[in-house]
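In: With the sequence up front, the predicted model follows.
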Amino acid sequence: APSCNEHARTQTQNTHRLRRRRDALAPDDPCHHLGQRRLKLGVPHRRLLGRPPLREMVRADQTVAISICDGTRPQPRREMLAAVLGELAHVPADHITIVVATGTHRGNSPAELEAMLGAEFLATYRVINHDARNPATMDVVGTTTTGVHVALNRDFLRADIRITTGTVEPHFFAGFSGGP
């Protein structure tokens with residue numbers, strides 16, 4: 001049987017070398033068990049550029065906003081959030097907001113959010129869709145050298161702690177898409 005790394009390498013070897021894995025892992029995926037994925041997801045947030053672990057940097061009385069990819073992007077959302085929220089177990093759920101980073105895409109429907117995150121998760125945490133077309137949900141944070149106003153999601157900006165998750169991937173029109 002192939003190892004997790006061999007399987008991931010095989011998944012990307014097609015004629016365009018751009019094939020992406022979907023959120024749901026195939027049953028024959030050697031990485032299907034969460035232990036190996038959680039281990040890999042657990043390492044980065046414990047070594048934040050020589051900083052203390054995330055669980056030590058965030059106080060229980062602080063508000064936290066975590067951005068996740070919308071439904072158009074492949075992301076192991078549940079595993080990523082489990083790893084991050086595991087480090088934030090001391091922060092009350094009502095202090096945490098999950099911002100679905102839609103960019104200029106439409107917001108995800110309630111059914112899509114439930115498929116992405118699960119009903120129990122939605123009942124526990126505040127989950128909002130970013131809406132780039134609604135200025136009432138945005139704050140202008142600056143202006144580019146060409147005079148374009150830069151506006152970001154107000155709920156995300158007003159949180160004491162802001163965490164972004166996601167993937168960077170090839171994009172047909174933009175070259176690359178995603179990232180913090």
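Out: Sure, I can see it.
In: quick one: contacts for the most centrally placed residue in the chain?
Out: For the chain, Ile68 is the residue whose C-alpha lies nearest the centre (CA atoms, centre = their mean; 2.6 Å). Neighbour list for Ile68: Gln75, Arg77, Met80, Leu81, Ile98, Val99, Val100, Ala101, Met116, Thr165, Gly166 [criterion: CB atoms under 8 Å, 6 or more residues apart in numbering]. Using the backbone N, CA and C atoms, a C-beta is placed for each residue, glycine as well.
In: What part of the chain, helix or strand, is modelled with the least confidence?
Out: The weakest-scoring helix or strand in the chain, judged by mean pLDDT, DSSP states H and E, is helix 4-12 (a mean of 39).
In: Scan this structure for its longest helix.
Out: helix 77-87 (DSSP state H).
In: How many neighbouring residues does Arg59 have?
Out: Other residues near Arg59 come to 11 when the count uses other CB atoms under 10 Å.
In: about what we covered before: how far does the longest helix of the chain sit from the chain's center?
Out: Distance of helix 77-87 from its chain centroid, counting by CA atoms, centre = their mean, to the nearest Å, is 9 Å.
In: For it, give the mean pLDDT please.
Out: Averaged across helix 77-87, pLDDT comes to 89.
In: Likewise for stretch 169-176?
Out: 74.
In: One more: stretch 101-108?
Out: The model assigns stretch 101-108 a mean pLDDT of 82.
In: Can you measure across stretch 119-139, start residue to end residue?
Out: 30 Å (CA to CA, to the nearest Å).
In: out of the contacts of Ile68, who's nearest Ala123?
Out: Ile98 (12.6 Å; CB to CB).
In: what's the burial count for that closest one?
Out: With other CB under 10 Å as criterion, Ile98 counts 24.
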